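# Test case, fold it:
(one chain, ligands or ions: 1)
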Amino acid sequence: SEPNEYVKAADGIQYGSVTDLLSFVNRVSNMQSAALKHTSEEVGVLLNKKYMIMKNGRYQINMDVLLFPWKLTYKNRGSGLIPKGSFGKVHLAQDAVSRKRMACKLISMENFNAADVEFQARFHHENIAELYGVLLYDHSIHLFMEAGEGGSVLEKLESCGPMREFEIIWVTKQVLRGLEYLHSHNIIHHDIKPSNIVLMSDKAVLVDFGLSVQMTEEIYIPRDLRGTEMYMSPELVLCRGHNTKADIYSLGSTIIHMQTGSPPWVRRYPRTAYPSYLYIIHKQAPPLEDIAEDCSLTMRSFLKRAMERNPAQRSSASELLKEEAINPPREDQ
Ligand SMILES: Nc1nnc(-c2c[nH]c3ncc(-c4c[nH]c5ccccc45)cc23)o1
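Alright, predicted model coming up:
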């Protein structure tokens with residue numbers, strides 16, 4: 001398409017609805033990157049007038065909103081740019097007027113797909129990182145989202161080691177509430193793992209919906225393998241169709257990682273000797289051997305239900321939310 005057609009299609013920055021944002025995102029993700037070289041100004045759609053405050057009809061990066069390398073909550077490591085998400089670097093952003101601190105994920109045009117935005121724009125829940133707006137600037141999509149300033153569970157594990165059971169219970173309940181909501185809309189996240197759970201002072205939220213799908217049938221037949229190997233369920237690895245229960249198994253793997261400081265399998269099958277875990281996950285019984293030795297009996301039974309090999313017998317998020325393991329009697333706390 002002609003560059004001038006592109007400029008017409010996106011008239012600078014506007015406050016808009018989710019529908020406006022999704023049509024902007026779909027237009028841009030269908031654009032050839034060549035058509036973009038003619039856009040010197042930011043273009044995009046802002047959903048949140050309270051946090052993202054435009055000035056003179058514009059919303060300029062490093063003027064109206066400042067981007068910073070993220071100061072890790074723990075000892076600062078590396079560039080301060082937090083680990084790449086599925087396809088993007090995440091910065092800390094702060095609106096110059098509202099002073100609201102946000103996460104800003106930069107995705108190159110080549111790697112951008114509408115799914116990254118679609119689910120966060122259309123579905124709202126307190127345990128899903130809220131989307132505040134989308135800008136295209138300097139060949140990158142800038143996603144402005146709710147920021148988990150406590151960092152991700154992975155950063156916490158790498159900095160502070162294995163988590164105590166009461167901390168694991170707190171994170172697990174929030175993740176299950178987010179999954180219960182997503183699964184009620186037939187959405188499979190497809191990448192539940194410690195780096196995709198971020199922490200705030202009062203809650204934990206799920207991030208990175210770049211691999212998410214919304215099922216139209218009872219079962220989702222994948223065209224490709226989606227997710228991160230060590231957290232994948234046996235039925236997903238088999239590639240003969242799976243459903244939302246795949247996320248529940250990944251949560252079980254995530255809990256084992258939170259308890260021990262390592263994902264399942266890797267201690268028994270070192271990464272140096274095993275480039276891939278797919279065959280192990282397919283052949284072996286679920287990794288209950290990797291459960292922490294000091295794991296409580298109730299949490300052990302929770303994990304058995306969450307990592308049941310047969311997805312039909314595996315508990316759902318709603319069922320697990322009622323488990324005693326995550327609803328300990330008061331005197332235990
Ligand atoms: N892949 C991805 N897609 N969306 C996000 C995201 C949305 N809001 C966020 N808030 C915090 C962090 C974050 C991750 N690791 C961290 C380490 C230190 C501090 C913060 C973080 C990431 C996000 O991440």
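# So what's the residue count around Cys239?
When counting by other C-beta atoms under 10 Å, one arrives at 13 neighbours for Cys239. From N, CA and C alone the C-beta is placed, and that goes for glycine too.
# tell me the contacts of it?
Counting by C-beta atoms under 8 Å, 6 or more residues apart in numbering, Cys239 makes contact with Pro222, Leu225.
# so what's the backbone phi/psi at it?
Cys239 has phi and psi values of phi 60, psi 30 when expressed as degrees, to the nearest 10.
# and what of the one 4 residues further on?
Reported as degrees, to the nearest 10, the phi and psi values for Asn243 are phi -140, psi -160.
# mind listing what it touches?
Under the criterion of C-beta under 8 Å, 6+ apart, the neighbours of Asn243 are Ile188, Met215, Glu218, Ile219, Tyr220, Pro311.
# If we use 10 Å, what do you get?
183, 186, 188, 215, 217-220, 235-236, 311-312, 314 (C-beta atoms under 10 Å, 6 or more residues apart in numbering).
# between those, which is closest to the ligand?
Closest approach between the contacts of Asn243 and the ligand, by C-beta to the nearest ligand atom: Ile188, at 16.7 Å.
# quick one on the thing from earlier: go through the contacts of Asn243 and flag which are in strands.
Mapping these onto strands (DSSP state E) picks out Ile188.
# From the contacts of Asn243, pick the one nearest Phe302.
Arg314 (11.8 Å; C-beta to C-beta).
# contacting residues around the closest one?
Contacts for Arg314 (C-beta under 10 Å, 6+ apart) come out as 233, 235, 243, 245-246, 248-249, 252, 286, 304-308, 320.
# Which residue, neighbours along the chain excluded, lies closest to it?
Excluding the flanking residues, the one nearest Arg314 by C-beta to C-beta, 6 or more residues apart in numbering is Glu308, at 3.9 Å.
# my guess is the one you found contacts Pro286, does it?
Yes: between Glu308 and Pro286 there is a contact under C-beta atoms under 10 Å: 7.3 Å.
# Looking at the two, which is more packed in?
In this view Glu308 and Pro286 are compared by other C-beta under 10 Å, and Pro286 has more residues nearby, 22 against 18.
# Quick check: closest non-adjacent residue to that one.
Closest residue in space to Pro286, ignoring its immediate chain neighbours: Met307 at 4.1 Å, by C-beta to C-beta, 6+ apart.
# which parts of the stretch 201-333 of the chain sit against the ligand?
The stretch 201-333 of the chain comes close to the ligand at residues Val207, Asp208, as judged by C-beta under 6 Å from any ligand atom.
# Just the strands from the stretch 201-333 of the chain, written as ranges.
204-206, 213-214 (DSSP state E, counting those that start in this stretch).
# Including mean neighbour count, could these go into JSON lines?
Shown next, in JSON lines, are those (neighbours: other C-beta atoms under 10 Å):
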{"stretch": "strand 204-206", "mean neighbour count": "23"}
{"stretch": "strand 213-214", "mean neighbour count": "16"}
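# of the ones you listed, which approaches Lys50 most closely?
Lys50 lies closest to strand 204-206 among the strands of the stretch 201-333 of the chain, at 18.7 Å (C-beta to C-beta).
# which secondary structure elements does the closest one contact?
helix 165-184, strand 197-199 (3 or more C-beta pairs under 10 Å, 6 or more residues apart in numbering; DSSP states H and E).
# Figure out which of the ones you listed is closest to the ligand.
Closest approach to the ligand among those (C-beta to the nearest ligand atom): strand 197-199, 4.0 Å.
# contacting residues around the closest one?
73, 82, 90, 103, 127, 129, 145-156, 167, 170-172, 174-175, 178, 204-208, 251, 254, 258.
# How far off centre is it?
What separates the centre of strand 197-199 from the centre of its chain is 9 Å, taken as C-alpha atoms, centre = their mean, to the nearest Å.
# what about Gly44, which SS state?
Put simply, Gly44 is strand when judged by DSSP: H, G, I helix; E, B strand; the rest coil.
# So for it, what pLDDT did the model give?
pLDDT, Gly44: 96.
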